[in-house]
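**Student:** sequence plus predicted model, see below.
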Amino acid sequence: MKKQGSAASTVDEYINEFSKEVQTILERIRDTIQKAAPNAIERISYQMPTYSLNGNLVHFAAHKKHIGFYPTPSAIKAFQKELSPYKGAKGSVQFPLDKPMPFDLVKRIVIYRIVENTKQKK
C-alpha cells in the first residue's frame, strides 16, 4: 500500500510504493496507455500517474480496494454502458482489485481521449 505522506516524482517511484500484486496491475495499465498513446507525455500530476497529449488524456491511481481511472467526464459518458458495472463518478471509474482489469476498455478510452483532444486542439 502507498506510504503515508509519500510524494513520488516519477511514475516508476509511484508504482514501486505498492505491493507486487498491485505493481503488476499498475505496470499493465501503464503499458496499455503507452501503447495506445505512444506520443503521450508521462508525468505525475495530482500525485498520480498522468498522461497528456494535446492536454490531459487520463490519470490513474491505486487505492486500497480498487484502481481509480480518470479519463474526464466526456469519456465516462461515451463509455457509460461498458462502465456501468463499475462504481464511478462524473469523471472517474473504480476498477476493483479483486476483479479482472478491463485493459481493452482502458485502451479504447485512451484512444477516444486522443481523438477528443486532437479535435479540441484544432
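**Tutor:** Yep, it's here.
**Student:** can you verify residue 35 is assigned to a helix?
**Tutor:** Yes: Residue 35: assigned to a helix according to DSSP: H, G, I helix; E, B strand; the rest coil.
**Student:** that one touches residue 107, doesn't it?
**Tutor:** Yes: applying C-beta atoms under 8 Å as the test, residue 35 and residue 107 come out as touching, 7.3 Å apart. Placement of C-beta: from N, CA and C, glycine included.
**Student:** quick one: which of those two has more around it?
**Tutor:** More crowded of residue 35 and residue 107, by other C-beta atoms under 10 Å: residue 107, with 16 against 11.
**Student:** tell me how many other residues crowd the residue nearest to that one when sequence neighbours are not counted.
**Tutor:** Distance criterion C-beta to C-beta, 6 or more residues apart in numbering; nearest residue to residue 107, sequence neighbours excluded, is residue 36 at 4.7 Å. Taking other C-beta under 10 Å as the criterion, the count of residues near residue 36 is 20.
**Student:** residue 69 now?
**Tutor:** Using other C-beta under 10 Å, residue 69 is surrounded by 27 other residues.
**Student:** any idea which residue sits dead centre in the protein?
**Tutor:** With distances taken as C-alpha atoms, centre = their mean, residue 60 lies nearest the centre of the chain, 3.1 Å away.
**Student:** give the pairing partners of whichever strand in the chain runs longest; include direction for each.
**Tutor:** With secondary structure taken from DSSP state E, the chain has its longest strand at strand 56-62. Sheet partners assigned to strand 56-62 using DSSP bridges are listed as strand 48-52 (antiparallel), strand 66-70 (antiparallel).
**Student:** out of the ones you listed, flag the one nearest residue 97.
**Tutor:** Evaluated with C-beta to C-beta, those place strand 66-70 nearest to residue 97, the distance being 5.9 Å.
**Student:** and the next helix or strand past that closest one?
**Tutor:** helix 73-78 (DSSP states H and E).
**Student:** packing partners for that next one?
**Tutor:** Applying 3 or more C-beta pairs under 8 Å, 6 or more residues apart in numbering; DSSP states H and E, one finds that helix 73-78 contacts helix 103-121.
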